[in-house]
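> can't give you the sequence, but here's the structure:
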């Protein structure tokens, strides 16, 4: 009489992997976890995390300095004339105009914060001029 085929569960219970098969299974699981983590999980190395933190800090500093620059620019007595001059200048030259005017340099510093003059010029030229409000209100 033929013996019946053992069930899949029975064969699984009887399986005894060798030490090398168990080791390679674990090694492949670790490698697969790392690949998935770095590719899709958002994991980064320590050097990448440090670089990301440095860029974020520089960007925050430039944003803060740009806000101070806008306030300093608007508190200038010749604000209207300076803004008209700024709007006449080509966009790639506006940062140097802001830097030369000294508005991008924070009080107590000798040099302007990197990127602050560009952001300041963008904010100043994007803001509607006071004359535009007067023209619209007279219509």
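That came in fine, so what should we check first? As the structure is a computational prediction, the values presented were derived from the model and not from experiment. Numbers count the residues shown, from 1 in each chain.

> For the spatially most central residue of the chain, give me phi and psi.
In the chain, the C-alpha nearest the mean C-alpha coordinate belongs to residue 56, at 5.8 Å (C-alpha atoms, centre = their mean). The phi/psi pair for residue 56 (degrees, to the nearest 10) reads phi -70, psi -40.

> go on, residue 44?
phi -140, psi 160.

> I'd like the distance from it to residue 38, if you could.
8 Å (C-beta to C-beta, to the nearest Å). Placement of C-beta: from N, CA and C, glycine included.

> thinking again about what came up before, distance of the residue nearest to the centre of the chain from residue 50?
The value you get for residue 56 to residue 50, if C-beta to C-beta is used, is 11 Å.

> likewise residue 117?
Relative to residue 50, and taking C-beta to C-beta, residue 117 is found at 27 Å.

> between these two, who's got more neighbours?
Between residue 117 and residue 50, residue 117 has the larger neighbour count (other C-beta atoms under 10 Å), namely 25 against 11.

> No further questions, thank you.
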